[in-house]
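*Asks:* got a predicted model here, sequence first, then my questions.
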Amino acid sequence: ETAVFQTPNYHVTQVGNEVSFNCKQTLGHDTMYWYKQDSKKLLKIMFSYNNKQLIVNETVPRRFSPQSSDKAHLNLRIKSVEPEDSAVYLCASRQVGQYAEQFFGPGTRLTVL
Amino acid sequence: GDSVTQTEGLVTLTKGLPVMLNCTYQTTYSPFLFWYVQHLNEAPKLLLKSSTDNKRTEHQGFYATLHKSSSSFHLQKSSVQLSDSALYFCALSHNYAQGLTFGLGTRVSVFP
């Protein structure tokens, strides 16, 4: 049963365009995340957002920015996409606590031509 | 910073055989370890988790024991099934606000 929803499923765009991906969770969790899964399936944290506190992985390029309207939504905007941004972007949510399970959305596959 | 090492990139085996996937970690904090499984074109899902030293945890036939002395959390199953073919990630958390640190993943392919 899906409780973390992402749109779109796929997106194809040209270098330099702006894209935005949506994520919504219905679990009532306090913390949401964006992960990038590259072509080798490596999973890396990009952002986490909790109670209006944003934590950014320092390796994430500045063209990426998260946007949140409330604790159930965390969108991802890429200002000017580059070829290396082609990947699957996974949204996740988690309740407070180091031991809490993290629930992932189905992902948005981005292809940059 | 935190790190997780999974030494096998690909494990291929025949249905019914046992499997062990290695996971070691480094952190200066008290560790919380997780195994996630990702089937083809699906989201990762939690398989197991542990924060208790030397206590075996089990789920869906898989089991693992956190050993803080060796910083390990190996995943095992005594008899794999075709449906176990998937990508398995070991992950570490010490601060929920910073998300999980994942290993590179181990792909398991089970043949009839």
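*Replies:* Noted; the coordinates are in hand. Numbers count the residues shown, from 1 in each chain, chains lettered A, B, ... in the order given.

*Asks:* chain A contacts on chain B?
*Replies:* Neighbours of chain A within chain B, by Cβ under 8 Å from any Cβ of the partner chain: B:32, B:34, B:38, B:42-46, B:49, B:51, B:87, B:89, B:93-102, B:104-105, B:107. Any C-beta I mention is one placed from the backbone N, CA and C, and that applies to glycine too.

*Asks:* 10 Å - rerun?
*Replies:* Residues of chain B lying near chain A by Cβ under 10 Å from any Cβ of the partner chain: B:9, B:29-34, B:36, B:38, B:41-46, B:49-51, B:87, B:89, B:91-105, B:107.

*Asks:* let me know the outermost residue of chain A.
*Replies:* residue A:99 (21.1 Å; Cα atoms, centre = their mean).

*Asks:* shaky segments in the chain?
*Replies:* Answering for chain A, as no chain was given. Low-confidence segments of chain A (pLDDT under 70): A:1-2, A:98.

*Asks:* not what I meant, chain B
*Replies:* Ranges of chain B meeting pLDDT under 70: B:96.

*Asks:* buried subset of the residues of chain B next to chain A as a PyMOL selection?
*Replies:* Buried residues among the residues of chain B next to chain A (16 or more other Cβ atoms under 10 Å in any protein chain shown), as a PyMOL selection:
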select buried, chain B and resi 31+32+33+34+36+38+43+44+49+50+51+87+89+91+92+93+94+96+97+98+99+100+101+102+103+104+105
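
*Asks:* quick check: phi and psi on residue 42?
*Replies:* Since no chain was named, I'll use chain A. phi -70, psi 130 (degrees, to the nearest 10).

*Asks:* where's the residue nearest the centre of chain A, which helix or strand?
*Replies:* What sits nearest the mean C-alpha location of chain A, by Cα atoms, centre = their mean, is residue A:34, with 2.9 Å. Per DSSP states H and E, residue A:34 falls inside strand A:31-37.
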